[in-house]
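>>> model the structure of this input:
(2 chains)
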2 protein chains.
Amino acid sequence: METKEINYSFIKVGDHLTDEQAMALAIHVAKAGAPYVSPNPLVGCTILNSENKLVSTGYHQKYGEAHAEINAINGLSADQLANTKIFVTLEPCAHEGKTGSCAKKLIQFKIKKLIFGLVDPNPLVAGQGAEILRQAGIEAVEYQGSLKNDLEDLCEVFLKNFREKKTFVAMKVASSLDGQIALSTGESQWITTPESREYVHELRSWYDAIIVGSNTIEVDNPSLNIRHPSIQKETKLIILDPESKLSGKIFKFQDLHKPENVHILKFKDLNDVMNQLWALNIKSVFIEGGAYTYSSFLKVGLVDRLHLFMNTSVIGAGNGLSWTKGFGIEALADKKSLKNTKIRTFGSDLYVTGRF
Amino acid sequence: METKEINYSFIKVGDHLTDEQAMALAIHVAKAGAPYVSPNPLVGCTILNSENKLVSTGYHQKYGEAHAEINAINGLSADQLANTKIFVTLEPCAHEGKTGSCAKKLIQFKIKKLIFGLVDPNPLVAGQGAEILRQAGIEAVEYQGSLKNDLEDLCEVFLKNFREKKTFVAMKVASSLDGQIALSTGESQWITTPESREYVHELRSWYDAIIVGSNTIEVDNPSLNIRHPSIQKETKLIILDPESKLSGKIFKFQDLHKPENVHILKFKDLNDVMNQLWALNIKSVFIEGGAYTYSSFLKVGLVDRLHLFMNTSVIGAGNGLSWTKGFGIEALADKKSLKNTKIRTFGSDLYVTGRF
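Residues are numbered from 1 along each chain as shown, chains lettered A, B, ... in the order given. Below you'll find the model as predicted:
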């Protein structure tokens, strides 16, 4: 399990990188696009010269704009690109879409080798981008190193959308070390540190919409908008309100979100919710509570990723609210384990994230 | 919060160390004595020469045997000790006890400076060890760097014993990310990884006795001995059995512990338990469950340190057992926060420890 993030801010053009470091850097730079690329995947690119020195990086910054490879080669001369190795987290696109084909652009230069992290998930076009490079005499190979799981993580929303035609579901929880998210009195502000809460605003921007249950709106009256110094984005808000409890009442979110960005859903069951989200063209959601909503999604196995912020304190289940109150398993063999788990700290809080 | 341990195995004699690194190394080497020094404190010592190069280390290995400073200087010539800086985690002893006075031993050499981590907690002798060195013309100063909390942690059992005349109470919990330690069926083996469980055997050896509630004995029938490749120690076992539920029944612990090492306590309340432990000359205990025992100790504020092993999985409170089931607070301001928290990983588990 990774317990410390590499400090990429120390890496500069001209630094010598290994292939693994080059791919790690491509993954890292890609993440800066998270608030703006949907429904496209996050993609990053790193270019090394013949001496394995860093020439440039690029990433897909915004839906409809240039892809990662193009941003990485922009501004470089044909001479600078000659004999380079290009690392890209996803196979270059073969087809002309909103922008031109990246594969066709790359073959205009005397690149030595292309290393792509994942094959295009579309079986109809998988391998075609790489094939365009091979036809042009450029070696093009799929990456087979230790970062395969991190590449899948980077691309997880796009892969889920493409493979299953379903909305990706992330869940954020802010608890104590003993799994409590509030007191039985409803008091829940605040369990985690300001540093954690700032990062939550960044996480909100990574997903197409926030989901909360109507009970959380009634009890906490939260803002649920994105308040972050370097991110400009209005997020969509989905409120699960099967019994129309909120109808006719006044809440804070109504002032902070444009009406067209708010969807108050009535539904039969969570599969119905998933169908409605997909029909609304929402590619990813970020569940923010409460305990009933968390437990309901866990129960039907619909959660793809957990973002768990834990304050290093104990609240006690005796007068608390457990975030998994309504979820249970019959045998320990059925516990829901995280994969490719990462840990960070925010102030004195612990942050754990992984894919179920 | 510290998320990664320094790998001290890379440090060798002759390496250049800063003062902070020298004290950190003294703290590190001291821990090897944890199974064997009680009721003495853990103490470590590092010696640097006039060029700040590591000359030697030493630690208090076993109760009744040589102190850390003596082990560090043993085998060194007067020439090697001339002009050195000696870092020791606790002020050298002034008095003659089981072994000679360390302060009086040190002044036989032309040491340049002594830096001690903590003043002797006994107000009647505090500063006397340092004074013996000063009288002999050796500079002797209390350490004032960033490791003060780590020095207090190292010495925590001894400090508690000395300052409060009370047994130090550590609590070990093995839970899921949502605070569950078992299913409601009683199934609890195993939630954490084999790597975590091996470390628990090491932790058991750090304390004078293990405590469990009688319910845990009845439900889990645990061995509760120390099974670790490099530790030879028989631990004491305290079973809290106020209603004599265990009387006349057969359990695994009876085969694995000598009768004189097992105490089945009847008691009025937990203060009575603490008085009985102190009367039994038990300086530190390691609570291993179950939920009722954990909660009871939390409720009366008797827990000094938490050792929390969390498997990166979700079990669900819906059919689980929360380790803080019987503990609750009235307001979030009363949550019990950890201080000087440290994080490690064991296999895919997360380990969090800190002082309340």
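>>> so who does A:Val200 touch?
A:172, A:174, A:309 (C-beta atoms under 8 Å, 6 or more residues apart in numbering or on different chains). The C-beta positions use only the backbone N, C-alpha and C, and glycine is treated the same way.
>>> of the residues you listed, which belong to helices?
Assignment to helices by DSSP state H places none of these there.
>>> among these, which are located in strands?
A:172, A:174, A:309 (DSSP state E).
>>> can you redo those as TSV with distance to B:Gly97, pLDDT and neighbour count?
Converted to TSV, the ones in strands among the contacts of A:Val200 look like this (distance: C-beta to C-beta, whole Å; pLDDT from 0 to 100; neighbours: other C-beta atoms under 10 Å in any protein chain shown):
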residue	distance to B:Gly97	pLDDT	neighbour count
A:Lys172	56	98	22
A:Ala174	51	98	25
A:Phe309	49	98	24
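>>> redo those residues as TSV? Include distance to B:Gln21.
Formatted as TSV, the ones in strands among the contacts of A:Val200 follow (distance: C-beta to C-beta, whole Å):
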residue	distance to B:Gln21
A:Lys172	39
A:Ala174	37
A:Phe309	33
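>>> identify, from those residues, the entry nearest to A:Phe346.
Ranking these by separation from A:Phe346, with C-beta to C-beta as the measure, puts A:Phe309 on top at 6.9 Å.
>>> tell me which parts of the stretch 51-200 of chain A are close to chain B?
A:175-180, A:183-184, A:187-191 (C-beta under 8 Å from any C-beta of the partner chain).
>>> please repeat the previous calculation with a cut-off of 6 Å.
A:177-179, A:187 (C-beta under 6 Å from any C-beta of the partner chain).
>>> closest to chain B out of those residues?
A:Gly179 (3.0 Å; C-beta to the nearest C-beta).
>>> so what's the closest one up against?
A:Gly179 is in contact with A:322, B:178-179, counting by C-beta atoms under 6 Å, 6 or more residues apart in numbering or on different chains.
>>> got it, and A:Ser247?
No contacts exist for A:Ser247 under C-beta under 6 Å, 6+ apart.
>>> now it: how far from chain B?
29 Å (C-beta to the nearest C-beta, to the nearest Å).
>>> with A:Ser296 instead?
In terms of C-beta to the nearest C-beta, A:Ser296 sits 11 Å off from chain B.
>>> tally of neighbours for the nearest residue to A:Gln276 once chain neighbours are set aside?
What sits nearest to A:Gln276 in space, not counting adjacent residues and going by C-beta to C-beta, 6 or more residues apart in numbering or on different chains, is A:Leu265, at 5.8 Å. By the criterion of other C-beta atoms under 10 Å in any protein chain shown, A:Leu265 has 16 neighbours.
>>> now the helices for the stretch 51-200 of chain A?
Counting by DSSP state H, counting those that start in this stretch, the stretch 51-200 of chain A has helices at residues A:68-73, A:78-81, A:102-106, A:128-135, A:148-154, A:156-164, A:194-206.
>>> pick the most buried one from those helices.
helix A:68-73 (a mean of 25; mean count of other C-beta atoms under 10 Å in any protein chain shown).
>>> I'd like to know which elements that helix is packed against.
On a contact count with 3 or more C-beta pairs under 6 Å, 6 or more residues apart in numbering or on different chains; DSSP states H and E, helix A:68-73 meets strand A:44-48, strand A:54-59.
>>> deepest-packed of the ones you listed, please.
When the helices and strands packed on helix A:68-73 are scored by mean count of other C-beta under 10 Å, the highest mean neighbour count falls to strand A:44-48 (a mean of 28).
>>> could I get the helices of the stretch 51-200 of chain A in JSON lines, plus columns for mean pLDDT?
As requested, the helices of the stretch 51-200 of chain A are exported to JSON lines (pLDDT from 0 to 100):
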{"stretch": "helix A:68-73", "mean pLDDT": "96"}
{"stretch": "helix A:78-81", "mean pLDDT": "96"}
{"stretch": "helix A:102-106", "mean pLDDT": "93"}
{"stretch": "helix A:128-135", "mean pLDDT": "95"}
{"stretch": "helix A:148-154", "mean pLDDT": "97"}
{"stretch": "helix A:156-164", "mean pLDDT": "96"}
{"stretch": "helix A:194-206", "mean pLDDT": "96"}
